[in-house]
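A.B. asks: Build me a structure from this.
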Amino acid sequence: MPADYPSPLTQASIQTPKGEQTVHLPSNELFRLEHIFKHHEYGVPNHYLPSEPIVVVDIGANVGLFALYMKNLRPDSVIHFFEPAPLNFELLRRNVGGYKDVHLHPVGLSDSTQAAVMMLHSANTGENSIKCSLSDQCGQIEVPIVAARQAFEQLGLTYIDILKIDTEGCEVEILRSLQERLPYVGLVLLEYHSDEDRRAIDALLVGFNLFCASIATTEGGILKYINRALLKG
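C.D. replies: Numbering: from 1, shown residues only. So this is what the prediction gives:
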């Protein structure tokens, strides 16, 4: 693995409820700041969220920018992060470790507990994957994976206001593992990485309405769903 994998680290500033904050990320991934904070890639309809502190689960947290976005939107949020890649996890800790009510878990989630081989993208940590083939791979590492249902049970998670999943191909497996718990999730925000996965995701989220979609290509994009129970309220 190159010493500066995937590129030299840099710092950038964002505005948060705690004032201006410095975040650390690879220099060729500054585009994430624009996607998340300017274009609201994972924006949510705040009026459907309760006034009391909300629970957020971020599976595939990368370096924590979605966490900072949520802390801007809802400073009272309680957030659980799952991130198995060691470099990403270290930057996640540096970026969000000082916030109240954040819980960091250095594992990935899927539908089974295992040690898995993660393929490393040569230029983009967000494309590291234990499932998707990489056209630009620079190495691989072994990472711990836990069945999503088991992880949630161990944490005592009951109702989740926002479930965000960006796992480069494991989204369907995670939803299958959580099938019995999905009625107790308010909003689901997730990436998909094939048209087959998109159709499977839609079938698994049978109790939800799709309220927003950003289609990057015929094989990938971002989908946002809301539990129909919230629409009846």
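
A.B. asks: Buried residues in stretch 147-164, which are they?
C.D. replies: 147-149, 151-152, 157, 160-164 (16 or more other CB atoms under 10 Å). C-beta here means a position set from N, CA and C on the backbone, and glycine is covered the same way.

A.B. asks: now that stretch, how far from the centre of its chain.
C.D. replies: 13 Å (CA atoms, centre = their mean, to the nearest Å).

A.B. asks: neighbouring contacts of it?
C.D. replies: 42, 44, 49-50, 54-60, 66, 70, 80, 82, 103, 105, 107, 109-113, 174, 177-178, 180-181, 184-190 (CB atoms under 8 Å, 6 or more residues apart in numbering).

A.B. asks: Please repeat the previous calculation with a cut-off of 7 Å.
C.D. replies: 42, 44, 49, 54-59, 66, 80, 109-113, 174, 177-178, 181, 184-190 (CB atoms under 7 Å, 6 or more residues apart in numbering).

A.B. asks: what does stretch 31-45 give?
C.D. replies: 12, 14, 25, 65-66, 69, 162, 164, 187, 189, 222.

A.B. asks: I'd like to know which elements the one helix or strand residue 225 maps to is packed against.
C.D. replies: With secondary structure defined by DSSP states H and E, residue 225 is part of strand 220-227. If you count contacts as 3 or more CB pairs under 7 Å, 6 or more residues apart in numbering; DSSP states H and E, strand 220-227 packs onto strand 185-192, strand 208-217.

A.B. asks: I'd assumed residue 26 was in contact with residue 124.
C.D. replies: No. At 8.2 Å, residue 124 does not count as touching residue 26 under the criterion of CB atoms under 7 Å.

A.B. asks: Find the residues that touch each one of these two.
C.D. replies: residue 6.

A.B. asks: more neighbours, those two?
C.D. replies: Neighbour count, other CB atoms under 10 Å: between residue 124 and residue 26, residue 26 has more, with 22 against 17.
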